[in-house]
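Asker: here is a sequence with its predicted model. Questions after.
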Amino acid sequence: MKMKAHRRLLAAFAVLALLAGACGSDDAASTDATTDTSVAAEDSSGESVDETAEESGAEPADDAGNAGGDTSIRLGIMGECEGPFGGFHEDTVAGTTLALINGAGATSTSATTALDGFSGANVAGVDIELVGIGCGDDTADRAIQEIRTLVEQQNANVVIGPLSGDEGIAIANYALDHPEVTFINGIAGAQDATLHVQAPNFFRFNGDGAQWNAGVGDVAFREGGWRTAAVIADDYGFGWTSSAGFVADFCAAGGDVVSYVYPPLGTTDYSSFVQQLPDPDEVDGYFWVVGGTGTNAALEAFVNAKGDLDGSQHAGNLFFNPGIAAALGNDIAGAYVGGFASLPGDIVTPEISAYLDSADAAWESLGGGLSGGEADSPSVALGFGFAYGYYVGTLALVEALDAVGGDLSDNHSALRAELSSMTVEAPYGSVSLDANRQGIVDTFVAQLVLDEASGEIVQQTVAIVPQVDQTFGGTYSADTAPPERDNTDCAERSLPWHGNTIPVVDGVPQR
């Protein structure tokens, strides 16, 4: 069963980098799931819609600050239908929908797409209605345009999302000006959204990009023998945060990062950026934070400029997956990979199996990022971190709503207090929040290895890093500058998981 899962994930991952941007058009739109049509974010003249709730006919706030008096949840999903991660649009909507199916009695409207919405969701007597799906493209400007449509025109009082880093920062700042709305992050991983913005109505039940790389630098130093490293990372909020996690971990163990290169997100020709990296005989290893459609392109540029890959000299964040072997060959075996919102497919527990089975029971097939937009097994999509992040955030909403008996009064004060203090027992590990409403999560370190039976590269878990918090063992605080291209600190220090990770042998955690 494990090998079948490996092969299914390998086939899905093989098209990930090439087809992640396959969904969407150039027109900004928000899907109105209740009518299966699109609500344009631009008027017929092409100018941006810029209406307030009053101008668009939204109900005025009552004395408690609730728009029209909240007796139900008017849910908006901030999706990602365009840009580098546009191919994951349906996956993320499916994550939210599955949590409502499993916890709120919802039924998916369609057996073959999550984008048609759901019906029948109710928790503690409170109906949950989907009022719209935003169409992000990985930019902050578009995220604000779409979130305004959801909140100020479609009257959402709870929003799940977004997917990507700069979008998360923008929406967290928007939340400060909209205390009547509860925002639950989808899977966006820029550190700034919670550690520095600190909107009291913005909750993130996933790790940030730094948290997901806890342990990778330590493994590269202690097991891989690296002493010097070069970093190449997408030049935006998540890229900075993700690379900062590796740098903090590697330098804490005693390593030194000697080169940083930051190609703009969406780059297609990486040759000039790869040329800026030291040659393989000048550095022990390279850490890659190049995502979406850029992963394969960047590595191909490296091969052309620097020679064949040697897996023992490479590591990467969540985008560094078995799919790269399909285009680049099996020399990548040996590379280490940082964690994400869910574990690789080689760890199977009853909770994980039940979760994945529920996805296959909810739909016959789903098109999405891992399948390149083609119909595929729903458990493939829900087993990847993008969909899973939306699932956990929505699961938290359902459990909190049930715990407070459906109380939505006083700007959701009881609901928000419960969200802040609860522990979500999610399929891939428990999640609680810190004082900034940021997830404290288990993450993992994996390695790409060659499966001799199939001749394919598979991802094998090396260790679980338990309960990593956003301070990264005291490295970061609200007083430290957020990770950016020019302020990534490299210093030797003690981190709580060094020497205390949980080894994994043949998919079994050695707790």
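Answerer: Nice, I can see it. Numbers count the residues shown, from 1 in each chain.

Asker: look up phi and psi at Asp442.
Answerer: phi -80, psi 140 (degrees, to the nearest 10).

Asker: how many neighbours does Leu343 have?
Answerer: 27 (other C-beta atoms under 10 Å). Every residue, glycine included, has its C-beta placed from N, CA and C.

Asker: repeat for Asp308
Answerer: 10.

Asker: that one and Asp331 touch, don't they?
Answerer: Yes. In this structure, Asp308 is within contact of Asp331 by C-beta atoms under 8 Å, at 5.7 Å.

Asker: under the pLDDT cut-off, which ranges of the stretch 1-150 of the chain? List them.
Answerer: 1-69 (pLDDT under 70).

Asker: for it, what spans make up the strands?
Answerer: Counting by DSSP state E, counting those that start in this stretch, one finds strands in the stretch 1-150 of the chain at the ranges 29-32, 37-40, 73-79, 107-108, 118-119, 122-123, 126-135.

Asker: identify whichever of those strands lies nearest to Tyr391.
Answerer: strand 73-79 (12.0 Å; C-beta to C-beta).

Asker: what is the orientation angle of that closest one with strand 126-135?
Answerer: For strand 73-79 against strand 126-135, the angle by axes from the mean of the first three to the mean of the last three C-alpha atoms, to 10 degrees is 20 degrees.

Asker: quick one, what contacts Ser342?
Answerer: Gly383, Phe384, Gly385, Tyr388, Pro427, Tyr428 (C-beta atoms under 8 Å, 6 or more residues apart in numbering).

Asker: distance-wise, check the third one relative to Leu195.
Answerer: Counting by C-beta to C-beta, to the nearest Å, the separation of Gly385 from Leu195 is 20 Å.

Asker: before we move on, what about the fourth one?
Answerer: Using C-beta to C-beta, one gets 22 Å for the distance from Tyr388 to Leu195.

Asker: which one of the two has more residues nearby?
Answerer: Tyr388 (26 against 23).

Asker: any idea what sits nearest that one, other than its immediate chain neighbours?
Answerer: Ser342 (4.4 Å; C-beta to C-beta, 6 or more residues apart in numbering).

Asker: doesn't Tyr336 make contact with Asp216?
Answerer: Slight slip there: residue 216 is Val, not Asp. Yes. Counting by C-beta under 8 Å, Tyr336 is a contact partner of Val216 at 5.6 Å.

Asker: of those two, who's got more company?
Answerer: Val216 (30 against 26).

Asker: pLDDT weak spots in the stretch 351-500 of the chain?
Answerer: In the stretch 351-500 of the chain, residues with pLDDT under 70: 368-374.

Asker: those strands in it, which residues are they?
Answerer: 366-367, 375-376, 423-426, 429-433, 439-451, 456-468.

Asker: over to the stretch 201-350 of the chain?
Answerer: 202-203, 228-233, 256-261, 285-289, 314-316, 336-338.

Asker: dump those into CSV; add distance to Thr295 as well.
Answerer: Converted to CSV, those look like this (distance: least, C-beta to C-beta, whole Å):
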stretch, distance to Thr295
strand 202-203, 29
strand 228-233, 11
strand 256-261, 15
strand 285-289, 7
strand 314-316, 8
strand 336-338, 12
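
Asker: related to what we said a few turns ago, pick the most buried one from the strands of the stretch 351-500 of the chain.
Answerer: Mean neighbours per residue, mean count of other C-beta atoms under 10 Å, is largest over these for strand 366-367, with a mean of 27.

Asker: packing partners of that one?
Answerer: Other helices and strands packing on strand 366-367, by 3 or more C-beta pairs under 8 Å, 6 or more residues apart in numbering; DSSP states H and E, are helix 89-104, strand 375-376.

Asker: out of these, which gets nearest to Ser409?
Answerer: It's helix 89-104; of these, that one is closest to Ser409 (C-beta to C-beta) at 19.9 Å.

Asker: now Pro200: how far from Leu150?
Answerer: Where Leu150 is concerned, Pro200 sits at a distance of 20 Å (C-beta to C-beta).

Asker: quick one: which of these two has more around it?
Answerer: Leu150 (24 against 13).

Asker: please list all residues in contact with that one.
Answerer: Per C-beta under 8 Å, 6+ apart, neighbours of Leu150: Ser30, Gly76, Met78, Val131, Gly132, Gly134, Ala156, Val159.

Asker: look at the last one and give its secondary structure.
Answerer: Which is Val159. strand (DSSP: H, G, I helix; E, B strand; the rest coil).

Asker: just the pLDDT for it.
Answerer: Val159 is assigned a pLDDT of 98 by the prediction.

Asker: I'd assumed Cys251 was in contact with Ala491.
Answerer: Yes. The pair Ala491 / Cys251 is scored as a contact, 5.7 Å apart, by C-beta under 8 Å.

Asker: how about Trp212: what's its closest non-neighbour residue?
Answerer: Counting by C-beta to C-beta, 6+ apart, the residue nearest Trp212 is Gly339, at 4.8 Å.

Asker: ditto for Asp249
Answerer: Nearest to Asp249 is Gly217, by C-beta to C-beta, 6+ apart, at 3.2 Å.

Asker: contacts only, for that neighbour.
Answerer: With the criterion set at C-beta under 8 Å, 6+ apart, Gly217 makes contact with Ala229, Phe246, Val247, Ala248, Asp249, Phe250, Cys251, Ala252, Ala253, Gly255, Phe287.

Asker: distance of it from Arg227?
Answerer: 12 Å.

Asker: between the two, which contacts overlap?
Answerer: By C-beta under 8 Å, 6+ apart, the residues touching both Gly217 and Arg227 are Gly255.

Asker: quick one: Thr107 from Ser379, how far?
Answerer: From Thr107 to Ser379 the distance is 19 Å (C-beta to C-beta).

Asker: more neighbours, those two?
Answerer: Remark: of Thr107 and Ser379, Ser379 carries more neighbours, 23 against 12, as counted by other C-beta under 10 Å.

Asker: wait, the more buried one sits on Ala362?
Answerer: No. With contact defined as C-beta under 8 Å, Ser379 and Ala362 do not form a contacting pair (9.9 Å).

Asker: can you pull the buried residues of the longest helix along the chain?
Answerer: If you go by DSSP state H, the chain has its longest helix at helix 385-403. Using 16 or more other C-beta atoms under 10 Å as the test for burial, helix 385-403 gives 385-401, 403.

Asker: ok, now stretch 141-148?
Answerer: Arg142, Ala143, Ile144, Gln145, Glu146, Ile147, Arg148.

Asker: leaving out chain neighbours, which residue sits closest to the third one?
Answerer: For Ile144, the nearest residue in space outside its immediate sequence neighbours is Ala170; the separation is 5.4 Å by C-beta to C-beta, 6+ apart.

Asker: dump the residue contacts of that neighbour.
Answerer: Ala140, Asp141, Ala143, Ile144, Ile147.

Asker: tally up the residues packed near the closest residue to Ile464 other than its chain neighbours, please.
Answerer: Sequence neighbours aside, Ile502 is the residue nearest to Ile464 in space, at 4.2 Å (criterion: C-beta to C-beta, 6+ apart). By the criterion of other C-beta under 10 Å, Ile502 has 15 neighbours.

Asker: and Ile502, how far is that from Ala210?
Answerer: Taken as C-beta to C-beta, the span from Ile502 to Ala210 is 20 Å.
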